[in-house]
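>>> Sequence isn't available, so here's the structure alone:
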């Protein structure tokens, strides 16, 4: 199982640089160890033995934003937390992706009030929204795989335009 | 969006010692994003080298406005908010809330519903302590504890899913009983857990209780005196580890806890290790309660038949005009509650979880106030960490077992 099967005994493979880079990015996408509320517990469940996110190269949760590629916003974002979240996002190196986990991070959820941002996309740009209150670990994994699919389709031209 | 405010030392100089003003000690922020603060808690530390001189907790990063939101909803609908308070103890919060509502409107609860409530609340206590054990193991670099604890926790969450359809936010307890009767698979699922769990607790203990590294990191740390704990309003395992025998399940029994035979573990050391031992013993005691409650679980209705407060079953609506009216009234405007003020409290995994509910004669509460255990337990942190190393602060903080949703609500 692996690249050897595809290669046969040729020892050479031709591909594009974009494919190789994106393959690398999807298979070692390190999330930031950053839990906010209830969804963080389901995020921990997804990391733990039953669901095991390390199957996707994501077992390494980095506590420092400087070392992480993916920010999983797991929980409600209060007005006091919003600026902190933005600073953490700004500290992450490019390329970076954001996954809004759960209803609160996606749209405010049940908390339509003075204290909570009605969706974390008011603070940072979001790539994938995962519904649920809280989403099951399977739903989170599906969201992560959706991000992987997105990354696989990205081209250098898009990057160049995005960060011009 | 507002920016992070730059604060000068002048603004909080009353909180730190004079040495900080001269630059002799260092001020350091721990959090709001930090792996060992168990949520978005910010601790402002004043450090002399590696020794903590002052520790000032700054809460509010998860302030959700739950109390105000509950006041805008009818009594039935406000219950979903309570799940999201202390998200490790979701059914326990539901219990505190429905008990307050039942007290306010004077509603009876069938015996089977009481038994189911006890079983699920105690399972939730076990699940909560397992998360605590796993994450505090992580804080002390015992990574494998996390994986083992979450394995058993999944089994409890499967039971919750079986009875309510949701893993965490069940809202299974309703005023007057529970949502519906448990499925037939419920008893086997709980019996399987009862059978397997004592061996698993032995396994956890074999990893930690006599582990010299664990003992070095925990014994004698963060000593909390019983009198100090009481003066700060500390409740739950931190209080019982300091030699005060106070458990609401014994002191003010609710939900029929007086029928069950269980011990309240009390230790006198008041350090991190004692808090660990208290929680480990509580795992076993909770399992005892679950087993007794399951054996005693009577048959019968699971919801009160007082139609003024409890909606009629679907089967009645098609044949009874009165039921249809009740259904319509309850789900459109809710039930009115008398003008009264009610406090009801339960023993949550973290301590006394209380709820003050004030009715004004209408279908919505006039005021909801929550007495959450983590808030008071965190207050004592600044007292017990003084003079310890920063690395030990992590162990002490995790031994208090705070949940930020519970503190900030």
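Structure received. Just so we're clear, the structure is a prediction, and the values are computed from it rather than from any experiment.

>>> Report the contact partners of residue 48.
You didn't pick a chain, so chain A it is. Shown in contact with residue A:48 (CB atoms under 8 Å, 6 or more residues apart in numbering or on different chains): B:134, B:146, B:147, B:150, B:151, B:154. C-betas here are computed from N, CA, C, even on glycine.

>>> not what I meant, chain B
By CB under 8 Å, 6+ apart, the residues touching residue B:48 are B:19, B:24, B:25, B:26.

>>> How far off centre is the lengthiest helix in chain B?
The residue-count maximum for a helix in chain B (DSSP state H) belongs to helix B:111-139. Offset of helix B:111-139 from its chain centre (CA atoms, centre = their mean, to the nearest Å): 9 Å.

>>> One more: stretch B:243-255?
On CA atoms, centre = their mean, the centre of stretch B:243-255 falls 15 Å from that of its chain.

>>> which parts of chain A sit against chain B?
A:33-38, A:40-42, A:44-45, A:48-50, A:63, A:65, A:75-76, A:78-84, A:86-88, A:110-116, A:122-123, A:133-134, A:136 (CB under 8 Å from any CB of the partner chain).

>>> rerun at 7 Å
Within chain A, the positions lying close to chain B (CB under 7 Å from any CB of the partner chain) are A:33-38, A:41, A:44-45, A:48-50, A:63, A:76, A:78, A:80-84, A:86-88, A:110-111, A:113-116, A:123, A:133-134, A:136.

>>> From those, list just the buried residues.
The neighbour-count test (16 or more other CB atoms under 10 Å in any protein chain shown) marks A:33-38, A:41, A:44-45, A:48, A:50, A:76, A:78, A:80-82, A:84, A:86, A:88, A:110-111, A:115-116, A:123, A:133-134, A:136 as buried among the residues of chain A next to chain B.

>>> neighbours around the residue nearest to residue B:74 when sequence neighbours are not counted, how many?
In space, and not counting its chain neighbours, residue B:74 is closest to residue B:334: 3.2 Å by CB to CB, 6 or more residues apart in numbering or on different chains. As a burial measure, residue B:334 scores 18 neighbours (other CB atoms under 10 Å in any protein chain shown).

>>> Tell me which residues touch the residue nearest the centre of chain A, please.
For chain A, the residue nearest the mean C-alpha position is residue A:70 (3.8 Å; CA atoms, centre = their mean). Going by CB atoms under 7 Å, 6 or more residues apart in numbering or on different chains, residue A:70 touches A:29, A:30, A:31, A:32, A:97, A:99, A:147.

>>> Dump those residues into CSV; add neighbour count, secondary structure and pLDDT as well.
Converted to CSV, these look like this (neighbours: other CB atoms under 10 Å in any protein chain shown; DSSP: H, G, I helix; E, B strand; the rest coil; pLDDT from 0 to 100):
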residue, neighbour count, secondary structure, pLDDT
A:29, 20, coil, 87
A:30, 15, coil, 88
A:31, 23, strand, 89
A:32, 25, strand, 88
A:97, 22, strand, 91
A:99, 23, strand, 92
A:147, 19, helix, 92
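
>>> Where helices are concerned, which of the residues of chain A next to chain B count?
Among the residues of chain A next to chain B, the members falling in helices are A:38, A:41, A:44, A:45, A:82, A:83, A:84, A:86, A:87, A:88 (criterion: DSSP H).

>>> how about the residues you listed, which pair is most distant?
With CB to CB as the measure, no two of those lie farther apart than A:45 and A:83, at 29.1 Å.

>>> any idea how far residue B:253 lies from residue B:91?
18 Å (CB to CB, to the nearest Å).
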